[in-house]
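J.: Here's my sequence, what's the structure:
(3 chains)
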Amino acid sequence: MHRLNGLKRIAVVMMAGILLSISAAAISGSMVVEGSKAAGMKDCVAPTMDMRRNHMDYLKHQRDEVVHQGDRSDKFALADCVSCHASKDKQGHPVPVNAKDQFCDSCHDYTAVNITCFQCHRKVPEEK
Amino acid sequence: MEKINYRELGCESPRFWTGMGVMAFLILLALVAVYHMEHNGHYVTGMTNQVVWGLPHVFAIFLIVAASGALNVASIGSVFGGPMYKPLGRFSSILAVALLAGGLMVLVLDLGRPDRLIIAMTKYNFKSIFAWNIYLYTGFFVIVGLYMWAMIDRKGSKMYRPLGITAFLWRLALTTGTGSIFGFLVAREAYDAAVMAPMFIIMSFSYGLAFFIITLMAAYWWDDRHIGDLRIAKLRKLLGVFVAAVLYFALVYHLTNLYITQHHGIESFVLLEGGVYTKMFWIGQVLIGGIIPLFLIYSPAFSTSRFAILAASFMVLLGGFFQVYIIVIGGQAFPMTMFPGKEVIESSFFDGVVSSYIPTVSEAMLGVGGIVVAMTIVAVVARMFPMLPDSLEDPDNI
Amino acid sequence: MSDCKQQPDMKRREFLSNTVVAAGAVTVAPGVLLTTTEAKADGKGVSSNTRWGMLIDTNKCADGCTSCVSACDKENGIDLVKKPEGHDDAMWEQQRPQWIRKVKLRDTQSSVVSNLPLMCQHCEHPPCVDVCPTGASFKRADGIVMVDRHICIGCRYCMMACPYKARSFIHADVAEQVVNSPRGKGCVESCNLCAHRLDAGQGNTACAEACAKDGHNAIVFGDLKDPNSAVSKALKSQPSRQLREDLMLNTGVRYTNV
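T.: Modelled structure (predicted):
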């Protein structure tokens, strides 16, 4: 057990490689929900990884600008997140973005971070 | 002067554990009430957009006011050099801290978003007396805590007097701040009075001492210890002065308002035609909270009766509760004059009419919970630390 | 597989300096808050060269007409706030939010009846802003008094302070909102002069628009600092007054014939 011969060593390395690529695929794979507008787009308003890491700060910054300065020119608007990322159910009704297994929930559930946005904000796109 | 020994509250007596059990049950009820109100929202309470502060605020303000007053006994002992009061200083400070904690608990749990308490701690608008009060309240805990340490630990004895003076001044500021919550509300006729802040200070003297007498006598009864007649007589006389002063300030407040023609509406509302508020004022505040206690305190027939002083203290608290209720709820129920010279015939927002407020059971449960939390803190701390003198027998040589 | 490398690389030094900045921000936050009513340096957003306000002619305000109220309810999603199931109707009437309301008055001397819409008066010196402990109640550079519901703790002190009872507390959960007016249980809110419309460049409020559409034209909305705006001209042409002028709040909403 202490010494692995060459073949076994290669096998272990390959196994590890396969496992790593599977898990990496799971991490980097798209979390965008099928049937949402975002699914058909190449990128979010910023590179995906940037959004993943920093969306909360962007949203908070935008929030203070909008509420206190009335500046709605920035691209990080929560309403846009919702209109792009909300999917529709089989009957064609929009599903709330924070519902179970929907766009927001899938990561927030995994990271155990509570989203408080939708205690007050609209959860589905507005029909015009 | 003989040496005073302090000892923890004993728990041998079944009274201690029965009392603790009852208090734990009442706290549980308060928690159930809070869950009910916070889960559903304030619609399950009697509070509305017209009467925005309800019974919880009455309890909270009552307790916060009483808290600073409860420190009086300690202040008399250390600042004004009253040897008879000095042994009671420790108990006086823990009661003050406990009452403040109970009151703040009620206040915080009635917020629309108690989960955002951290925001209240990190974001301040220094124009708001509320924001100042957050500092005054937390500062009170720290200063009285240090003061208590100086009383208990011999190492702190050098700091005893300066800390006593700081605590005394701080508590004056605290009650002024609490009174100013209302004093700054110029829009409402009932609150637009400068006398509000000093009136709150004198109210605090009276309620705080009443709380002190009740808890002190209860603690000594729980633990089968004895309080001498002389000390009781001292406390009784002090309470008498405070009760009379509260009545006097109420008189000044109403006379001032009667002088200002603009305030005649609110005055006739409270004094004559306010229905429940008028009854609360005359029967609750004046009769139960003032005249009867004064009679019990000063009548020679009751001069040695322990029951009379206890009853007087309870009545002072009850009357005080009514007084705060009239200020908080009555002041909101009375309509604001937005259109002088006009009467409101129609409004979907109840302009120009007296608002009704019927408190719900859950609000009362939360409020009572605040008092019980305060009492529990006192009981637990007095059990853990030597807060109370072994004996409060009258000294032989006076 | 290399996706993870796209993650922004937070270098240690950067992290440390960020921490220092964050600690500093927490310390000076109150000071910063006090300056938030200033206009932004980049020229975007609202500026204090504008002060929004309105003039309400009570003679033109029709008896029994509630167009402004329903327009406001729709614009700001107030009609989506539903009474909790099984709750008492009379109680809910006193608890449901109202940003604008119709008030009918009779003069005690002459018995003359007048109608007017009443809402947040957008004071220059708002008592609600003075009393708010967290700074959630604030005045924007363009004079709009509003609530930042992200930092409102629901203490209701502003409702106690407001001389016009302009504010409402949200007493129950709200199932659905409109994008322009987020709303949730436990916070206080009031008329914000349709700030979202103004920010988008539509220079009119829903209530004024509805009033004009019905042909009453009782509400004239506009920039009080622009001498050529309709509201400034209307204010110059006739005597008007503030409600509770005795409090010296310099309201942005003025009335004539009341």
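J.: Strands of chain B, start to end?
T.: Using DSSP state E, the strands of chain B run over B:6-7, B:342-347, B:388-389.
J.: try the stretch 101-250 of chain C
T.: C:113-119, C:137-139, C:145-147, C:168-169, C:188-189, C:219-223 (DSSP state E, counting those that start in this stretch).
J.: Can you spell out which helices and strands pack onto the last one?
T.: Using 3 or more Cβ pairs under 8 Å, 6 or more residues apart in numbering or on different chains; DSSP states H and E as the contact criterion, the elements in contact with strand C:219-223 are strand C:52-57, helix C:206-213, helix C:230-237. In this view, the C-beta of every residue, glycine as well, is placed from N, C-alpha and C.
J.: Tell me the buried residues in the last one?
T.: What it means is helix C:230-237. By 16 or more other Cβ atoms under 10 Å in any protein chain shown, the buried positions in helix C:230-237 come out as C:230, C:231, C:232, C:234, C:235.
J.: Leaving aside the residues adjacent along the chain, what's closest to residue 103?
T.: Picked chain A for this. Spatial nearest neighbour of residue A:103, chain neighbours left out: residue A:85 (4.1 Å); criterion: Cβ to Cβ, 6 or more residues apart in numbering or on different chains.
J.: my bad, chain C
T.: For residue C:103, the closest residue by Cβ to Cβ, 6+ apart turns out to be residue B:347, at 4.6 Å.
J.: Count the residues that sit near that neighbour.
T.: 18 (other Cβ atoms under 10 Å in any protein chain shown).
J.: how near is the residue of chain B at minimum distance from chain A to residue A:78?
T.: Here chain B gets closest to chain A at one residue, residue B:115, 8.6 Å apart by Cβ to the nearest Cβ. Using Cβ to Cβ, to the nearest Å, one gets 20 Å for the distance from residue B:115 to residue A:78.
J.: quick one: which of those two has more around it?
T.: The residue with more neighbours, out of residue B:115 and residue A:78, is residue A:78; 19 against 15, by other Cβ under 10 Å.
J.: Is the more buried one in contact with residue A:116, as I believe?
T.: No - using Cβ atoms under 8 Å as the test, residue A:78 is too far from residue A:116 to be in contact (11.7 Å).
J.: Who's the closest spatial neighbour of whatever residue of chain C ends up closest to chain B, skipping the chain neighbours?
T.: When scored by Cβ to the nearest Cβ, chain C has residue C:154 as its residue closest to chain B, at 1.8 Å. Closest residue to residue C:154 apart from its sequence neighbours, by Cβ to Cβ, 6+ apart: residue B:112 at 1.8 Å.
J.: Might one say that the one you found is in contact with residue C:153?
T.: Yes - using Cβ under 8 Å, residue B:112 is in contact with residue C:153, at 6.9 Å.
J.: So the two - more neighbours on which side?
T.: residue C:153 (26 against 22).
J.: got the contact list for the more buried one?
T.: Residues near residue C:153 by Cβ atoms under 8 Å, 6 or more residues apart in numbering or on different chains: B:111, B:112, B:113, B:114, B:116, B:117, B:119, B:120, C:133, C:134, C:136.
J.: same check, this time on residue C:220
T.: C:54, C:55, C:56, C:57, C:208, C:230, C:231, C:234.
J.: Please list which of those residues also come close to chain B.
T.: Among the contacts of residue C:220, no residue is within reach of chain B (Cβ under 8 Å from any Cβ of the partner chain).
J.: of all the residues you listed, which comes closest to residue B:206?
T.: residue C:56 (48.8 Å; Cβ to Cβ).
J.: If the residue lying closest to the closest one once chain neighbours are set aside is in a bridge, with which residues?
T.: Leaving aside its chain neighbours, residue C:56 sits nearest to residue C:255 (5.0 Å; criterion: Cβ to Cβ, 6+ apart). Note on residue C:255: beta-bridge partners by DSSP bridges are residue C:56, residue C:241.
J.: can you tell me which residues contact residue C:255?
T.: C:55, C:56, C:57, C:58, C:116, C:240, C:241, C:242, C:243.
J.: pretty sure the second one contacts residue C:116?
T.: Yes - between residue C:56 and residue C:116 there is a contact at 5.9 Å, judged by Cβ under 8 Å.
J.: Where do the domain boundaries of chain A fall?
T.: As given by automatic domain parsing, the domain ranges for chain A are A:1-30, A:32-119.
J.: Among the ones you listed, which comes closest to residue C:164?
T.: Going by Cβ to Cβ, the one of the domains of chain A nearest residue C:164 is domain A:32-119, 22.3 Å.
J.: Where does the stretch 151-258 of chain C get nearest to chain A, which residue?
T.: residue C:184 (3.4 Å).
J.: dump the residue contacts of that residue.
T.: A:119, A:120, C:149, C:170, C:173, C:174 are the contacts of residue C:184 under Cβ under 8 Å, 6+ apart.
J.: List the contacts of the last one.
T.: Applying Cβ under 8 Å, 6+ apart to residue C:174 gives the contacts A:120, C:80, C:81, C:82, C:183, C:184, C:185.
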